[in-house]
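# Have a look at this prediction, sequence included:
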Amino acid sequence: MGDVRKVGVAVDFSMCSRAALQWAVDNMLRKGDHLILVNIRPDTNSEETEMLLWETTGSPLIPLSEFTDAHVMKKYGTKPDPETLDIVNLVATQKEVVVLMKIFWGDAREKLCEAVDNIPLDCLVVGNRGLGKLKRAILGSVSNYVVNHSSCPVTVVKQHVE
């Protein structure tokens with residue numbers, strides 16, 4: 001029981017990824033866990049050396065103190081929303097959870113599965129945009145792909161429409 005659990009949550013700073021994050025906070029995380037926010041960015045044609053280096057392995061693990069800094073996140077080409085930052089700051093202090101972020105570039109389906117193995121994660125929580133059958137058939141479902149190809153347990157959180 002003394003092992004540190006690494007709980008991953010796929011975040012793209014949308015409403016459905018915030019719902020997945022909040023679900024993980026409310027139902028999975030416990031004191032001492034590591035919460036790893038996994039952010040997938042579209043492929044970039046960046047010539048920056050850091051981006052070329054991270055293209056295959058993803059960014060280094062970014063501590064909470066750095067990913068709340070807009071200047072640092074600009075280097076990674078991402079901007080966390082205030083609501084997500086509020087959730088992770090609260091869980092870090094109230095549940096004494098270590099919060100980290102890892103950014104990958106490429107196809108979300110493949111990179112989420114790679115993240116599970118590369119980090120490695122004990123479990124992964126993803127949001128579901130609730131695409132209809134036709135859109136899901138055309139666009140494909142990231143959550144469905146990850147559930148079927150991940151090497152760890154995956155929880156899919158449906159966004160509640162109110």
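Nice, thanks for sending it over.

# switch to C-alpha atoms for all contacts and neighbour counts from now on
Noted.

# which residues of this structure fall in helices?
Shown for the chain, the helices assigned by DSSP state H span residues 15-27, 49-57, 64-67, 70-76, 82-94, 108-118, 133-139, 142-149.

# And those helices: which comes nearest residue 39?
Between residue 39 and these, the tightest spacing by C-alpha to C-alpha is seen for helix 108-118, at 8.6 Å.

# contacts for the closest one?
Contact with helix 108-118 is made by 8, 10, 38, 40-42, 57, 104-105, 121-124, 142-143, 145-146, 149-152, as judged by C-alpha atoms under 8 Å, 6 or more residues apart in numbering.

# ok, 6 Å please
Identification of contacts with helix 108-118 by C-alpha atoms under 6 Å, 6 or more residues apart in numbering yields 40, 142, 150.

# mind exporting that helix as PDB, just the C-alpha atoms?
C-alpha atoms of helix 108-118 as PDB (Å, rounded to 0.1, in the frame of the first residue of the first chain):
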ATOM      1  CA  ALA A 108      -4.400  12.100 -29.200                       C
ATOM      2  CA  ARG A 109      -5.400   8.400 -29.400                       C
ATOM      3  CA  GLU A 110      -1.900   7.100 -29.900                       C
ATOM      4  CA  LYS A 111      -0.200   9.500 -27.600                       C
ATOM      5  CA  LEU A 112      -2.500   8.800 -24.700                       C
ATOM      6  CA  CYS A 113      -1.700   5.100 -25.000                       C
ATOM      7  CA  GLU A 114       2.000   5.900 -25.200                       C
ATOM      8  CA  ALA A 115       1.700   8.100 -22.100                       C
ATOM      9  CA  VAL A 116       0.300   5.200 -20.100                       C
ATOM     10  CA  ASP A 117       3.400   3.200 -20.800                       C
ATOM     11  CA  ASN A 118       6.000   5.900 -20.900                       C
END
